[in-house]
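K.L.:
sequence unknown, structure follows:
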């Protein structure tokens with residue numbers, strides 16, 4: 001088809017413009033005919049548009065090249081995670097081997113290499129995902145490792161914790177992992193140390209890992225009201241600063257570590273409502289600051305050591321619902337408030353154990369094999385010289401006692417419950 005005059009004129013203009021641009025880009029002199037085209041208004045407009053587009057294209061190519069080169073050169077050693085509660089990848093980076101060599105001093109090689117173990121998960125998380133840049137040779141890495149192992153060890157069936165908000169945040173100090181981690185009040189100090197783990201009633205399961213012993217500054221461990229199984233790790237008794245240990249209402253089994261006496265600052269020990277067995281280690285009675293001892297609703301057995309009589313710091317001793325045997329010790333502590341020994345297998349007679357305890361409020365001995373005259377322990381005491389006793393609850397029923405109502409009951413000024 002033959003174009004009309006308008007189309008032919010337009011085609012000619014674009015052809016002229018193209019003929020003009022090529023020698024200009026190559027740097028060759030412009031022919032005189034093309035100089036004439038430059039003076040043409042329409043051709044000049046087309047040329048300006050083409051030059052502008054070429055300039056934009058050139059700048060874009062330069063910027064793209066710089067960005068690609070920067071991306072190619074970058075090679076980060078650690079990878080962040082959008083969901084810190086998920087398990088890390090199964091393959092360690094090069095950094096993991098260096099960290100592994102350090103952690104082998106505190107965890108077994110078998111645990112560190114076992115796929116899916118809490119120790120291996122913690123190792124891979126620290127090597128691949130932790131972004132705090134703590135040197136592997138820094139002692140703080142051990143504290144961080146211990147808390148991460150604890151996290152994975154106490155939720156064996158996936159993410160079972162009731163609250164885990166900021167746990168395993170790769171950007172923050174372990175002291176900022178809430179709920180549960182407590183540190184010294186020195187906010188902003190990167191050298192803060194963990195002094196407490198309080199994760200009671202948080203749907204923990206699994207076992208307490210031995211790595212908890214790495215938390216050397218720990219003063220409080222409260223894991224009560226969970227479903228933790230296994231035994232109490234011996235490494236807990238390495239926490240020489242510990243003064244509160246609450247593991248009650250779990251599913252713990254096994255015996256009490258015989259090194260429990262290493263916790264020389266321990267004040268409050270509560271292990272009630274578990275499945276613990278065995279006799280009480282002798283070192284338990286060397287805890288001179290122990291004030292509260294609650295071992296009730298377990299399966300402990302054996303006799304109570306006579307050294308119990310000398311534990312002057314005790315204010316509460318609760319051994320109810322166990323299998324203790326032997327005779328009762330003489331509780332002569334002046335500050336004792338509660339004695340719970342019912343539902344055991346104690347035998348013998350009632351010792352003189354109330355008179356010196358002027359602060360005693362509750363004393364239960366029911367469901368044992370005790371016998372003898374209730375008045376005999378107090379027959380040589382002048383009650384007129386004693387102040388009113390504060391006892392509110394007495395339960396000595398289901399034993400084999402004889403005799404009349406003991407006179408000492410008349411001095412129980414606040415008595416609310418009496419069963420003989």
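P.N.:
Here it is on my side, so go on. Please read all numbers here as calculations on a predicted model, not as lab measurements.

K.L.:
Against residue 288, how distant is the spatially closest residue to residue 283 that is not a sequence neighbour?
P.N.:
Once flanking residues are discounted, residue 283 sits nearest to residue 261: 2.7 Å by CB to CB, 6 or more residues apart in numbering. From N, CA and C alone the C-beta is placed, and that goes for glycine too. Distance of residue 261 to residue 288, computed by CB to CB, to the nearest Å: 10 Å.

K.L.:
and what of residue 172?
P.N.:
From residue 172 to residue 288 the distance is 39 Å (CB to CB).

K.L.:
The spatially closest residue to residue 148 that is not a sequence neighbour - how many residues pack around it?
P.N.:
In space, and not counting its chain neighbours, residue 148 is closest to residue 122: 4.0 Å by CB to CB, 6+ apart. For residue 122, the neighbour count with other CB atoms under 10 Å is 30.

K.L.:
swap in the one 10 residues further on?
P.N.:
Using other CB under 10 Å, the number of residues around residue 132 comes to 16.

K.L.:
what's it in contact with, if anything?
P.N.:
Applying CB atoms under 8 Å, 6 or more residues apart in numbering to residue 132 gives the contacts 144, 170-173.

K.L.:
if you set the cut-off to 7 Å instead, what comes out?
P.N.:
By CB atoms under 7 Å, 6 or more residues apart in numbering, the contact set of residue 132 is residue 171.

K.L.:
More neighbours: residue 261 and residue 288, which one.
P.N.:
residue 261 (16 against 12).

K.L.:
With residue 376 as the reference, measure out to the more buried one.
P.N.:
Where residue 376 is concerned, residue 261 sits at a distance of 36 Å (CB to CB).

K.L.:
same thing with residue 191?
P.N.:
63 Å.

K.L.:
who's more crowded, the two?
P.N.:
More crowded of residue 191 and residue 376, by other CB under 10 Å: residue 376, with 14 against 10.

K.L.:
show me where this protein has helices.
P.N.:
5-26, 32-38, 41-73, 94-103, 109-113, 118-128, 140-153 (DSSP state H).

K.L.:
what comes up buried for the fifth one?
P.N.:
Buried positions in helix 109-113, judged by neighbour count with 16 or more other CB atoms under 10 Å: 111-112.

K.L.:
Show the average pLDDT along that helix.
P.N.:
On average, the pLDDT along helix 109-113 is 95.

K.L.:
residues in contact with it?
P.N.:
Contacts for helix 109-113 (CB under 7 Å, 6+ apart): 100, 103-104, 117, 119-120, 123.

K.L.:
among the residues you listed, which two are most distant?
P.N.:
104 and 117 (13.7 Å; CB to CB).

K.L.:
More neighbours: which of those two?
P.N.:
Taking other CB under 10 Å, residue 104 and residue 117 do not tie; residue 117 has more neighbours (19 against 13).

K.L.:
Spatially nearest residue to residue 286 (excluding sequence neighbours)?
P.N.:
Residue 286 sits nearest to residue 261 (CB to CB, 6+ apart), 4.5 Å away.

K.L.:
From residue 403, how far off is that neighbour?
P.N.:
Counting by CB to CB - residue 261 and residue 403 are separated by 40 Å.

K.L.:
all strands of the stretch 151-300 of the chain, in order?
P.N.:
181-183, 194-198, 220-222, 244-246, 253-254, 268-270, 275-278, 292-294, 299-303 (DSSP state E, counting those that start in this stretch).

K.L.:
Reformat those into TSV and put mean neighbour count and distance to residue 387 next to each item.
P.N.:
Shown next, in TSV, are the strands of the stretch 151-300 of the chain (neighbours: other CB atoms under 10 Å; distance: least, CB to CB, whole Å):
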stretch	mean neighbour count	distance to residue 387
strand 181-183	19	41
strand 194-198	19	40
strand 220-222	19	36
strand 244-246	21	33
strand 253-254	14	45
strand 268-270	21	29
strand 275-278	16	38
strand 292-294	21	25
strand 299-303	16	33
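
K.L.:
Now do the residue lying closest to residue 135 once chain neighbours are set aside, the pLDDT please.
P.N.:
Nearest residue to residue 135, sequence neighbours excluded (CB to CB, 6+ apart): residue 141, at 7.1 Å. What the model reports for residue 141 is a pLDDT of 91.

K.L.:
Touching, residue 141 and residue 134? I think so.
P.N.:
Yes - counting by CB atoms under 7 Å, residue 141 does reach residue 134; the two are 5.2 Å apart.

K.L.:
Identify the contacts common to these two.
P.N.:
Joint contacts of residue 141 and residue 134 (CB under 7 Å, 6+ apart) do not exist.

K.L.:
what does stretch 337-354 rub up against?
P.N.:
Against stretch 337-354 from outside (CB under 7 Å, 6+ apart): 296, 315-328, 330-331, 359-372, 374, 377-378, 395, 408.

K.L.:
rerun that using 6 Å as the cut-off
P.N.:
315-325, 327-328, 330-331, 359, 361-369, 372, 377 (CB atoms under 6 Å, 6 or more residues apart in numbering).

K.L.:
shaky segments in this protein?
P.N.:
Scanning the chain for pLDDT under 70 picks out the ranges 1-44, 63-95, 186-188, 306-307, 309-310, 332, 352-357, 383, 385-386.

K.L.:
tally of neighbours for the residue nearest to residue 274 when sequence neighbours are not counted?
P.N.:
Nearest residue to residue 274 in three dimensions, chain neighbours excluded: residue 252, at 4.2 Å (CB to CB, 6+ apart). When neighbours are defined as other CB under 10 Å, residue 252 has 22 of them.

K.L.:
ditto for residue 176
P.N.:
By other CB under 10 Å, neighbour count at residue 176 equals 13.

K.L.:
For it, which non-adjacent residue is spatially closest?
P.N.:
Per CB to CB, 6+ apart, closest to residue 176 is residue 166, 6.3 Å.

K.L.:
residues touching residue 292, list them.
P.N.:
Per CB under 6 Å, 6+ apart, neighbours of residue 292: 268, 316.

K.L.:
From residue 212, how far off is it?
P.N.:
Applying CB to CB to residue 292 and residue 212 gives a distance of 21 Å.

K.L.:
I'm done for today, thanks for sticking with me.
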